[in-house]
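# using only what follows, build the 3D model:
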Amino acid sequence: MNELIFISPREALAKIKAGALLIDLRDDYYTNGRYYDVGEFVSIFYKEFPEKYKELPKDRLLILADYVGIRSKELGFFLIAQGYDQVASLVGGIVDWVKDGMPTITDHAEELVGGCACQLKKRKRVKE
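This is a model prediction of the structure:
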């Protein structure tokens, strides 16, 4: 392939079912309580990627996924420059994944709430 491909959530899910590996690049703060429910996946924080990418297999399609698709594109080009030739970027990241109804695990206690971005915080747990 030797060039970065861009795939939709539906295309990504089909490729994952056929053996591709999802790489979740989101730092903890950016999960917002939503996780890809695809069985096997690898989580490598964006800031740790330059040190850890060598652990990724070269014999499978790697689908890079983040919050909205910006960092996955950047790191996709990085992987190709390092000799990986089966690399895809998930268009729209977890935001489009959820919007398109793809399999997702939601932890409501981890969701961020607030009136504006400057006030975002984790939802308080309710005592039962």
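# quick one: the lengthiest helix in the chain to chain centroid distance?
Ranked by number of residues, the top helix in the chain under DSSP state H is helix 70-81. Centroid displacement of helix 70-81 relative to its chain, using CA atoms, centre = their mean, to the nearest Å, is 12 Å.
# which residues are contacting that helix?
2-4, 6, 25, 46, 49-50, 53, 56, 62, 64-66, 87-90, 93 (CB atoms under 8 Å, 6 or more residues apart in numbering). Yep, even glycine has a C-beta here, placed from its N, CA and C like the rest.
# host element of Leu64?
strand 62-65 (DSSP states H and E).
# average pLDDT for that strand?
On average, the pLDDT along strand 62-65 is 98.
# equivalent analysis for stretch 68-86, please.
The average pLDDT within stretch 68-86 is 95.
# can I get that stretch in CSV, CA atoms only?
Provided in CSV are the C-alpha atoms of stretch 68-86 (Å, rounded to 0.1, in the frame of the first residue of the first chain):
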residue,chain,number,x,y,z
VAL,A,68,-11.8,13.2,15.9
GLY,A,69,-9.2,11.9,13.3
ILE,A,70,-6.5,14.5,13.5
ARG,A,71,-3.8,12.7,15.4
SER,A,72,-4.4,9.4,13.7
LYS,A,73,-3.7,11.1,10.4
GLU,A,74,-0.4,12.6,11.7
LEU,A,75,0.8,9.3,13.2
GLY,A,76,-0.3,7.4,10.1
PHE,A,77,2.1,9.4,8.0
PHE,A,78,4.7,8.8,10.7
LEU,A,79,4.2,5.0,10.6
ILE,A,80,4.5,5.0,6.8
ALA,A,81,7.8,6.9,7.1
GLN,A,82,9.0,4.2,9.5
GLY,A,83,8.4,1.5,6.9
TYR,A,84,4.9,0.3,7.7
ASP,A,85,2.9,-0.2,4.6
GLN,A,86,-0.6,-1.2,5.9
